[in-house]
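# Sequence first, predicted model second:
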Amino acid sequence: MNVGIDKMSFYSSDMYLDMVDLANARNEDPNKYLIGIGQKKQAVIPNTQDVVTMAANACTKIIDDDNRKKIDLIIFGTETGVDNSKSAAIYLQNMLGLNRRARAFEIKQACYGATAGLQMAKEYVQNHPERQALVIGADIARYGIKTPGEVTQGGGAVAMVISANPSIAEFDGPSTFYSDDVMDFWRPLYRTEAVVDGHYSNDVYVDFFKKTWDEYKEITGQTIADFKAMTFHLPYPKMGIKALRSIIDEADEEQQANLKKEFEQGRIYNENVGNLYTGSLYLNFLSLINNSDDLQSGDRIALFSYGSGAQGEFFPMKLKDNFRNDELAKSLDDALKSRKQVSVEEYEEIFTNWIPIADGDIKLDTSNDKAEFFLEGVKDHQRIYGRK
Ligand code: CAA
């Protein structure tokens, strides 16, 4: 039974901060951000968008009536949930008019949540090939103004429909995974910004990548030559370069050049949006299949997922005949290109007045938000969502 990703989409806010502006405001050399970190722009998420609306805005581009009937598993990976009890998946199910005879819930393990969802969806569809699952990775990455992590903020949502006989890519081999109790990045309940030991988190990431990659090679007998491209959780693009560099000597010279070239195509969306936490690996994958000219049906792509705390997982996928949807790719490009640039002062104001910090009724001005789904405000501790 071939199971995998049948549809895939992505949404981020229509505002961004230029990393040259941020570097200048923080008295840093812009090349530190552009080259050292690898980030060009970063999404700035307004109060009228949260993980629920961003997920709904990603889904609205791909979900049709057939999906509405067949999806009966909705898994929402996030570490930026809007409620400590009720899952974002239940809100999403209602907003999209999905089948109510469904299981809908949220998963948390830092940036790993969507991968946990994807693997669970895979096993569900393998057992119920007539059904489909919807898996979301949506987050708003926040470290704080004037912190070293600030350049690695961002946000957005990736949505994936998992089915039998998928159009985009099928699972093509075993996963290898590794977990350990590590304090590299976490967010206590009372905080709206992450606590991070940045350099240590880089080291743990590469260590978990190498552990899962080595185990994958050991149990399958495969080598780096079995992969056309490698995709990674990209908290920032340089992190993926560090991981790729750690094993690239295993490839011959020609393949080294190819892997680097594919990495450049895969980072395009990420370097313009920033960290999506749970969605970042899948944004890297989507960017690769939408932007690379070299990929063909049957090519095998490696995926490495990492969630601080920490959990790593390595798994392979194989591209199918219709892996690229040109119309959808163009609409994603257009959305990125038509975003409004905000100044550092505007970004700081939006960041500081983030709604979860507020307690009490709020009525938001939604007139500037062009998205189909948006947050109107909060009343009696309930979030009120709107739709255009
Ligand atoms: N031109 C070019 N490059 C320059 C430069 C210049 N003028 N100045 C500095 N650089 C380079 C540095 O050499 C360095 O490169 P290497 O990493 O290859 O050595 C790079 O720019 C960054 O410089 P620093 O290490 O000095 O940067 P920093 O100390 O300010 O912080 C960071 C970098 C640790 C990544 C920080 O941004 C951070 O804490 N980010 C959040 C944590 C994070 O993303 N961790 C990733 C792993 S954890 C994970 O993946 C889960 C998750 O999503 C959070």
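It's in.
# Near the ligand, which residues of the stretch 201-350 of the chain? Just list them.
S201, N202, Y205, H233, P235, Y236, K238, M239, N275, Y277, Y306, S308 (CB under 6 Å from any ligand atom). Placement of C-beta: from N, CA and C, glycine included.
# mind checking the SS state of the second one?
Going back to what we said before, that points to N202. helix (DSSP: H, G, I helix; E, B strand; the rest coil).
# My guess is it contacts M239. True?
Yes - between N202 and M239 there is a contact at 6.6 Å, judged by CB atoms under 8 Å.
# Return the distance of the least confident helix or strand in the chain by mean pLDDT from the chain's centre.
One helix or strand of the chain scores below all others by mean pLDDT, DSSP states H and E: strand 362-363, with a mean of 93. Strand 362-363 sits 29 Å away from the centroid of its parent chain (CA atoms, centre = their mean, to the nearest Å).
# likewise stretch 174-186?
17 Å.
# Name the residues of stretch 24-34 that come out as buried.
A25, R26, E28, Y33, L34 (16 or more other CB atoms under 10 Å).
# Which phi and psi values does the second one adopt?
According to degrees, to the nearest 10, the main-chain angles of R26 amount to phi -100, psi 10.
# Against the ligand, how distant is it?
Distance of R26 to the ligand, given as CB to the nearest ligand atom, to the nearest Å: 10 Å.
# Got the confidence number for that residue?
We have a pLDDT of 98 for R26.
# Can you give me the first-to-last residue distance of stretch 337-356?
Length of stretch 337-356, first residue to last, CA to CA, to the nearest Å: 29 Å.
# per-residue confidence averaged over it?
94.
# quick one: contacts for the residue nearest the centre of the chain?
Closest residue to the average C-alpha location of the chain: G279 at 1.1 Å, with CA atoms, centre = their mean. Residues in contact with G279 (CB atoms under 8 Å, 6 or more residues apart in numbering) are F10, A114, I136, G137, A138, D139, G156, A157, V158.
# That one belongs to a strand?
No - counting by three-state DSSP, G279 is not part of a strand but helix.
# quick revisit: and the residues of the stretch 201-350 of the chain next to the ligand as CSV, adding secondary structure, pLDDT and neighbour count?
As requested, these are exported to CSV (DSSP: H, G, I helix; E, B strand; the rest coil; pLDDT from 0 to 100; neighbours: other CB atoms under 10 Å):
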residue, secondary structure, pLDDT, neighbour count
S201, helix, 98, 22
N202, helix, 98, 17
Y205, helix, 98, 27
H233, coil, 98, 34
P235, coil, 98, 28
Y236, coil, 98, 26
K238, helix, 98, 18
M239, helix, 98, 24
N275, coil, 98, 31
Y277, helix, 98, 31
Y306, strand, 98, 31
S308, coil, 98, 27
